[in-house]
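[1] Pasting the sequence and the predicted coordinates here, then a few questions.
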Amino acid sequence: MSTPSEKYLRGIPTKPYDLLEEILFILGFILIVVAILAAAVGSPDYPTLKAQDIANLQPVEYLKTCTDILAGHASIQDYGPPYNADTAIPSVFWELS
């Protein structure tokens, strides 16, 4: 400490402060809270969704979606470059293509 600080703090009881210990204590507390919340809440156990399951459960809708995609009428067909062959409007980002 500098001399003015020592004069100012003379007679005031102080104790050493360990910042690393404080940070580790906080991180440990957060880790424990997250672990408890993860154990309590968990994750949902949804079954895996496969195209075969959709084809079996809703065959008409599945065939309609497949024919739309193959005919070029799907909403993603006109998304733009670089996802399709349309090069009329290239992707530009801050004058860089």
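    Ah, there it is.

[2] Quick one: list the elements packing against the longest helix along the chain.
    The helix that spans the most residues within the chain, counting by DSSP state H, is helix 19-41. With contacts taken as 3 or more CB pairs under 8 Å, 6 or more residues apart in numbering; DSSP states H and E, helix 19-41 sits against no other helix or strand. Where C-beta positions appear, they are placed from N, C-alpha and C, glycine not excepted.

[3] list the helices and strands whichever helix or strand comes after that helix packs on?
    Next helix or strand after helix 19-41 toward the C-terminus (DSSP states H and E): helix 51-57. If contacts are counted by 3+ CB pairs under 8 Å, 6+ apart, helix 51-57 sits against helix 59-71.

[4] List the neighbours of the helix it packs on that are in contact with it.
    51, 54, 55, 74, 77 (CB atoms under 8 Å, 6 or more residues apart in numbering).

[5] Distance from that helix to the middle of the chain?
    Its chain's C-alpha centre and that of helix 59-71 lie 32 Å apart, by CA atoms, centre = their mean, to the nearest Å.

[6] ok, and for that helix, which residues are buried?
    residue 62 (16 or more other CB atoms under 10 Å).

[7] Could you do stretch 35-43 as well?
    By neighbour count on 16+ other CB under 10 Å, the buried set for stretch 35-43 is empty.

[8] which residues of this protein score low on pLDDT?
    Scanning the chain for pLDDT under 70 picks out the ranges 1-2, 78-97.

[9] Widest-spaced pair of the contacts of helix 59-71?
    55 and 77 (21.3 Å; CB to CB).

[10] What does the residue most central in space within the chain show for phi and psi?
    For the chain, the residue nearest the mean C-alpha position is residue 43 (15.6 Å; CA atoms, centre = their mean). Dihedral pair for residue 43: phi -120, psi 150, per degrees, to the nearest 10.

[11] so how far is residue 37 from it?
    12 Å (CB to CB, to the nearest Å).

[12] do residue 18 as well
    28 Å.

[13] Could you give the number of residues near residue 14?
    6 (other CB atoms under 10 Å).
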